[in-house]
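S.K.: need coordinates for the following:
(chains A and B)
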Amino acid sequence: MAAEGNAATQSNQKSMCIIVTKGSLDWAYPPFILSTTAAAMGFNVTMFFTFYGLPLLFKKLDLQVTPLGNPAMKMPMMGMHMGMPNLAPVIPGVDAACSKMMKNLMKKKGVASIEDLREAAVDSDVRMIACQMTLDLFEYSLDDMIEGPELGGAATYVEAAAKSDINLFI
Amino acid sequence: MPDATLDAKGLNCPLPILKAKKALTNVPSGGTLEVLATDPGSVADFDAFCRTTGNELVESSADDGVYRFVIRSSA
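M.R.: Alright, predicted model coming up:
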């Protein structure tokens, strides 16, 4: 995906830039929902994946969610909304169970999987930039990632962001 | 009669919009796409989608929990 095809060169087309910094199951949704929707609405979309957002580009995803430090996370169960004591996730398996529960709930409610939304983003030519510094820092390799992302740094993002109508940090 | 119908019932945000956008590519310019959805959020979203993309929302109605949208393609 060449940079030339992006926001910069097309004056009429609106554009959106998102910095993706979080890689948990819940936080993976906003950037992928917004990027696919904006692309469907004719926007040129750029996603910049940095720090914990970068693993969202791995070929194989196994996203997890934790109730730790998140008192707002309450799931509908047995006719009520149930949260979890803040220290429960120290017990092995609690995060995995919560993640499974949330994935089941999403399936039941017709919410797309992150894998499907990501595929839709790739199909609609969303430009994806993988942060080179994060790649070096955590010793990741572009080989472990899906086809499509290019490598870039802060300047690459700033250039795209400067020409965008919408800029989000998630 | 619409030129095409998309059954998006049971799907949640943003899938009805994404699938509608895809389905619209197979509708000739001036033709219409009918979308059926159960997501209450789709009422506001199809409004916004059509305003932003220039497609015309010919009809937006609800019947027994099923929302029906008719979109005229401007492509």
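S.K.: return the helix or strand in chain A with minimum mean pLDDT.
M.R.: Here the helix or strand of chain A ranked lowest by mean pLDDT, DSSP states H and E is strand A:75-77, holding a mean of 87.
S.K.: in its sheet, which strands sit next to it, and in what direction?
M.R.: Strand pairing for strand A:75-77, determined by DSSP bridges: strand A:80-82 (antiparallel).
S.K.: and after the partner strand, which helix or strand comes next?
M.R.: Where DSSP states H and E defines the elements, the next helix or strand beyond strand A:80-82 is helix A:94-108.
S.K.: in that following helix, what's buried?
M.R.: A:94-95, A:98-99, A:102-103, A:106 (16 or more other Cβ atoms under 10 Å in any protein chain shown). In this view, the C-beta of every residue, glycine as well, is placed from N, C-alpha and C.
S.K.: likewise for stretch B:49-62?
M.R.: B:49-50, B:53, B:55, B:60.
S.K.: which residues does residue 15 contact?
M.R.: Unless you meant another one, I'm taking chain A. Residues in contact with A:S15 (Cβ atoms under 8 Å, 6 or more residues apart in numbering or on different chains) are A:6-7, A:43-46, A:160, A:163-166.
S.K.: wrong chain, I was asking about chain B
M.R.: B:L15 neighbours (Cβ under 8 Å, 6+ apart): A:110, A:112, B:8.
S.K.: and the gap between it and A:G53?
M.R.: 22 Å (Cβ to Cβ, to the nearest Å).
S.K.: same deal with B:S42?
M.R.: B:S42 is 28 Å from A:G53, by Cβ to Cβ.
S.K.: give me the pLDDT for residue 43.
M.R.: No chain in the question, so chain A it is. A:F43 carries a pLDDT score of 97 in this model.
S.K.: not quite, I wanted chain B
M.R.: pLDDT, B:V43: 96.
S.K.: which residues sit in contact with the closest residue to A:V20 other than its chain neighbours?
M.R.: Closest residue to A:V20 in three dimensions, ignoring its sequence neighbours and counting by Cβ to Cβ, 6 or more residues apart in numbering or on different chains: A:G53, at 3.5 Å. Counting by Cβ under 8 Å, 6+ apart, A:G53 makes contact with A:19-23, A:31, A:170.
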